[in-house]
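K.L.:
sequence plus predicted model, see below.
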Amino acid sequence: PHETGRLIAPRQGPVHLEKEQVTIAIREGLASTSVRQTFRNFSGGQAEHTFLFPLPADATVTDFQLTMDGKPVAGEVLDSQRARTIYE
């Protein structure tokens, strides 16, 4: 089975993957996959967690959105160096 996404060390910390929905459409030999995941923060406060979403080398992410407290927050996919620079 192919694992679509996973938390690193899922049993550590207050953030857990609660639900996952994957939809795949294949048209003219091209697969389009939509993944909807729901995470829950059990800490009662602000929490931070690392998430790893493995992709095949020839795959491309075209959209990324978070919803926090019912409000959509646009996401941006960055290379690891740029993301680390912004984070730090």
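P.N.:
Yep, that arrived.
K.L.:
any stretches of this protein with poor pLDDT?
P.N.:
Counting by pLDDT under 70, the chain contains low-confidence ranges at 1-12.
K.L.:
run the last query once more with 50
P.N.:
1-11 (pLDDT under 50).
K.L.:
the strands in it, which residues?
P.N.:
Per DSSP state E, the chain carries strands over the ranges 6-7, 15-27, 30-41, 51-52, 65-68, 71-74.
K.L.:
most tightly packed of those?
P.N.:
For the strands of the chain, the largest average neighbour count (mean count of other CB atoms under 10 Å) is found in strand 6-7, namely a mean of 16. Any C-beta I mention is one placed from the backbone N, CA and C, and that applies to glycine too.
K.L.:
what about the nearest residue to Val15 once chain neighbours are set aside, distance to His16?
P.N.:
Take Val15 and drop its neighbours on the chain: the residue closest to it by CB to CB, 6 or more residues apart in numbering is His49, 3.9 Å away. Per CB to CB, to the nearest Å, His49 is found 9 Å from His16.
K.L.:
check Thr85 too.
P.N.:
In terms of CB to CB, Thr85 sits 29 Å off from His16.
K.L.:
before we move on, what about Ile24?
P.N.:
Here the criterion is CB to CB. By it, Ile24 lies 25 Å from His16.
K.L.:
same deal with Phe53?
P.N.:
Separation of Phe53 from His16 (CB to CB): 16 Å.
K.L.:
can you report phi and psi for the residue lying farthest from the centre of the chain?
P.N.:
Most distant residue from the mean C-alpha position of the chain: Glu28, 26.8 Å away (CA atoms, centre = their mean). Per-residue torsions, Glu28: phi 50, psi 40 (degrees, to the nearest 10).
K.L.:
who does Val15 form a beta bridge with?
P.N.:
Taking DSSP bridges as the rule, Val15 bridges to Asn41.
K.L.:
before we move on, what about Lys19?
P.N.:
Residues in a beta bridge with Lys19, per DSSP bridges, are Thr38.
K.L.:
so Thr23 touches Ala31, yeah?
P.N.:
No. Using CB atoms under 8 Å, Thr23 makes no contact with Ala31, being 10.8 Å away.
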